[in-house]
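**Student:** Predicted model follows, preceded by the sequence.
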Amino acid sequence: MSQQSVVMTGASGFIGARFQAALLENDRSVTAIIRPSSPNLGRLSPACTIVRSDLHDKEQLASACSQADAVIYCAGTVRGRGPGDFNAANVKGVAHLVGALNHSGSQIPFLLISSLAAARPEISDYAQSKFLGEKELTSQANFPWTIFRPPAVYGPGDTEMRPFLRMARRGLVTRLGPSDQRLSLLNVDDLSDAVIAWLDSWRKCQGQTFTLDDGRPGGYDWQAIAAAAGYGRHFLLGIPRPLLSVAATANMALSAVFNYPPMLTPGKVRELTQTDWICDNTRLTQATGWEPSTDLQTGIRQMFGDA
Ligand SMILES: NC(=O)c1ccc[n+]([C@@H]2O[C@H](COP(=O)([O-])OP(=O)(O)OC[C@H]3O[C@@H](n4cnc5c(N)ncnc54)[C@H](OP(=O)(O)O)[C@@H]3O)[C@@H](O)[C@H]2O)c1
């Protein structure tokens, strides 16, 4: 059997870089579609074929996918001031790639890495963009598609959760949500394994949207996160929502002055303060046989190199 050839977007990102490594380790060839302005080419393996193309160049997108056996869309924007910042990668890029594949009559399977946030489009510009990206795929694609909606993902290469987890390992846990909040989490290498399982079983997944997490039923409360991260006693510091909101408003103003894409925004505060973000693996496991293997304690220890 010839080697399966996978085209992916977002290979230079935190999650995409791990996918790329897992695909190569599992004997797939990888073609990475990377925007010409990417500052992260160093994250790409020399074993990848690189296509330098913006996500709006339908001709180049179609050409990059012409010999592929599968497409994985993992590009995305997780920081921004408004819809315009999120839409280029989260909505329009999906629409253009779907349009390019439709135009070429492609029938190869397509996996979209969306987010649990897509289920609550009203809470933030990010959530709305993930919802709209899914809609572009589900309403337009003339080829078999699958959507993964992961919760917060952590692991090697992550810059968003790392500072929080580093502090938690030293015993200080900053609780950003309500005290009764419950959160599903997922190690990036388990997510990569789920993608490999999908490649093997995409026919059983087509036309479906799956949530997936590390298998802890009902997710984690903050005590459990603190216990998994630390080595002994810990202190849980609850950040009041009004304080988070003030910080988010100030960050929006500063980001406009200093021209950087903000992570903490009023929309992010609404995401952080939801009472739950919970996944259930049952359907994905039934369809593909995939099961996560890394609990939070092990995952954090591996991330910081002490496992
Ligand atoms: N991290 C999480 O906890 C989490 C949870 C659930 C879902 N997700 C989803 O997973 C995906 C990847 O997230 P991540 O954490 O890996 O993000 P990341 O580290 O910021 O990586 C984003 C990737 O998307 C590419 N990209 C961004 N804007 C682009 C554009 N306009 N055109 C072309 N490429 C663009 C980036 O390329 P450059 O190198 O050019 O910047 C990079 O490869 C996103 O769709 C995100 O919504 C993430």
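**Tutor:** Received the coordinates, thanks. The structure presented is a predicted model; accordingly, all values stated were derived computationally and were not measured.
**Student:** quick one: Asp213 from the ligand, how far?
**Tutor:** Distance from Asp213 to the ligand, counting by C-beta to the nearest ligand atom, to the nearest Å: 11 Å. Placement of C-beta: from N, CA and C, glycine included.
**Student:** just Phe131 next, same as before
**Tutor:** For Phe131 relative to the ligand (C-beta to the nearest ligand atom), the value is 12 Å.
**Student:** what's the burial count for the closest residue to that residue other than its chain neighbours?
**Tutor:** Of all residues not flanking Phe131 in the chain, Pro121 sits nearest, at 3.6 Å (C-beta to C-beta, 6 or more residues apart in numbering). Per other C-beta atoms under 10 Å, the neighbour tally for Pro121 reads 17.
**Student:** residues from the stretch 1-150 of the chain in reach of the ligand?
**Tutor:** 10, 12-16, 35, 38, 40, 55, 74-78, 88-89, 93, 113, 115, 150 (C-beta under 6 Å from any ligand atom).
**Student:** returning to what we had before: isn't the residue nearest to Phe131 up against Lys135?
**Tutor:** No - with contact defined as C-beta atoms under 8 Å, Pro121 does not count as touching Lys135 (9.4 Å).
**Student:** which residues sit in contact with the residue nearest to Phe131?
**Tutor:** Ala127, Gln128, Lys130, Phe131, Leu132 (C-beta atoms under 8 Å, 6 or more residues apart in numbering).
**Student:** Now flag whichever of these is closest to Asn251.
**Tutor:** Of all the contacts of Pro121, the one with the least separation from Asn251 (C-beta to C-beta) is Ala127, at 18.2 Å.
**Student:** That closest one and Thr265 touch, don't they?
**Tutor:** No - between Ala127 and Thr265 there is no contact under C-beta under 8 Å: 11.7 Å.
**Student:** picking up where we left off before, among the contacts of Pro121, which ones are in strands?
**Tutor:** Taking DSSP state E, every one of those sits outside strands.
**Student:** Tell me where the stretch 151-300 of the chain has helices.
**Tutor:** 162-169, 188-205, 222-229, 241-258, 266-272, 282-288, 296-303 (DSSP state H, counting those that start in this stretch).
**Student:** Any chance of those in TSV with mean pLDDT and mean neighbour count as columns?
**Tutor:** Formatted as TSV, the helices of the stretch 151-300 of the chain follow (pLDDT from 0 to 100; neighbours: other C-beta atoms under 10 Å):
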stretch	mean pLDDT	mean neighbour count
helix 162-169	92	16
helix 188-205	98	20
helix 222-229	92	19
helix 241-258	96	13
helix 266-272	97	20
helix 282-288	98	17
helix 296-303	94	19
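**Student:** Which one of those helices lies nearest to Ala22?
**Tutor:** Nearest of these to Ala22, taken as C-beta to C-beta: helix 188-205 at 3.7 Å.
**Student:** which other residues reach the closest one?
**Tutor:** Helix 188-205 has contacts (C-beta under 8 Å, 6+ apart) with 4, 6, 14-15, 18-19, 21-23, 26, 28, 70, 72, 109, 111, 144, 146, 148, 150, 153-158, 212, 214, 284, 287-290, 292-294.
**Student:** for the residue nearest to Phe131, helix, strand, or coil?
**Tutor:** Secondary structure, DSSP: H, G, I helix; E, B strand; the rest coil: Pro121 is coil.
**Student:** picking that back up, and the ligand, which of the helices of the stretch 151-300 of the chain is closest to it?
**Tutor:** When these are ranked by proximity to the ligand, the top entry is helix 188-205, at 8.0 Å, counting by C-beta to the nearest ligand atom.
**Student:** hang on, the earlier thing: just send the helices of the stretch 151-300 of the chain back as a markdown table, with distance to the ligand too.
**Tutor:** Formatted as a markdown table, those follow (distance: least, C-beta to the nearest ligand atom, whole Å):
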| stretch | distance to the ligand |
| --- | --- |
| helix 162-169 | 11 |
| helix 188-205 | 8 |
| helix 222-229 | 15 |
| helix 241-258 | 16 |
| helix 266-272 | 11 |
| helix 282-288 | 15 |
| helix 296-303 | 13 |
